[in-house]
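S.K.: Coordinates for the following, if possible.
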Amino acid sequence: MYILEPILRKFRLLKIVKSLPKSVDLLVDLGCGENAGVLKDLEQYYDQAIGIDGRLKNGQISSKICLQQADLNKTI
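M.R.: Predicted coordinates:
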C-alpha cells in the first residue's frame, strides 16, 4: 500500500460527499473495484447502491450494496 493512499482517499471521499445531494436514493459506482470500498465508506449517505466492475462476482454485500459484474468497455 502506498504511504499517501489513506490521506488521498479521505480527500476523495470528502469531495464526493460535498457533491452529493442531501437525499440519495440510489448511488452507482462504475469501476468500484473488487471490494467496493468507496460504496462501503459512503454507506450512510444513500438508501441503496450498485457497484459495477469487470472483476466482481454478482451479489449483495450488505443490505444496501449490490455488486454487478460487467465489462464497462461494452454495452451494459
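S.K.: And the strands in this structure?
M.R.: With DSSP state E as the criterion, the chain has strands at 26-30, 48-53, 59-60, 65-69.
S.K.: which stretch in those strands is the model least sure about?
M.R.: Comparing the strands of the chain by mean pLDDT, the weakest confidence falls on strand 59-60, with a mean of 90.
S.K.: Show me what that one is packed against.
M.R.: Helices and strands touching strand 59-60, as assessed by 3 or more C-beta pairs under 8 Å, 6 or more residues apart in numbering; DSSP states H and E, comprise strand 65-69. Glycine gets a C-beta too; all of them are placed from N, C-alpha and C.
S.K.: Could you give me the buried positions within the strand it packs on?
M.R.: Neighbour counts over strand 65-69 (16 or more other C-beta atoms under 10 Å) mark Ile65, Cys66, Leu67 as buried.
S.K.: circling back: out of the strands of the chain, which comes closest to Arg12?
M.R.: Shortest separation from Arg12 across the strands of the chain is recorded for strand 26-30, at 12.1 Å, computed as C-beta to C-beta.
S.K.: Kindly format the C-alpha coordinates of that closest one as PDB.
M.R.: Listed in PDB are the C-alpha atoms of strand 26-30, where the atom choice follows Å, rounded to 0.1, in the frame of the first residue of the first chain:
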ATOM      1  CA  LEU A  26     -29.500   5.200  -5.400                       C
ATOM      2  CA  LEU A  27     -25.800   5.700  -5.800                       C
ATOM      3  CA  VAL A  28     -24.000   3.900  -8.700                       C
ATOM      4  CA  ASP A  29     -20.200   3.400  -8.700                       C
ATOM      5  CA  LEU A  30     -18.800   2.500 -12.100                       C
END
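S.K.: coming back round to it: determine which stretch of the strands of the chain is the most buried.
M.R.: Among the strands of the chain, ranked by average contacts under mean count of other C-beta atoms under 10 Å, first place goes to strand 48-53 (a mean of 19).
S.K.: that older thread, in JSON lines, list the strands of the chain along with distance to Ala36.
M.R.: Formatted as JSON lines, the entries for the strands of the chain read as follows, by distance: least, C-beta to C-beta, whole Å:
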{"stretch": "strand 26-30", "distance to Ala36": "7"}
{"stretch": "strand 48-53", "distance to Ala36": "4"}
{"stretch": "strand 59-60", "distance to Ala36": "11"}
{"stretch": "strand 65-69", "distance to Ala36": "6"}
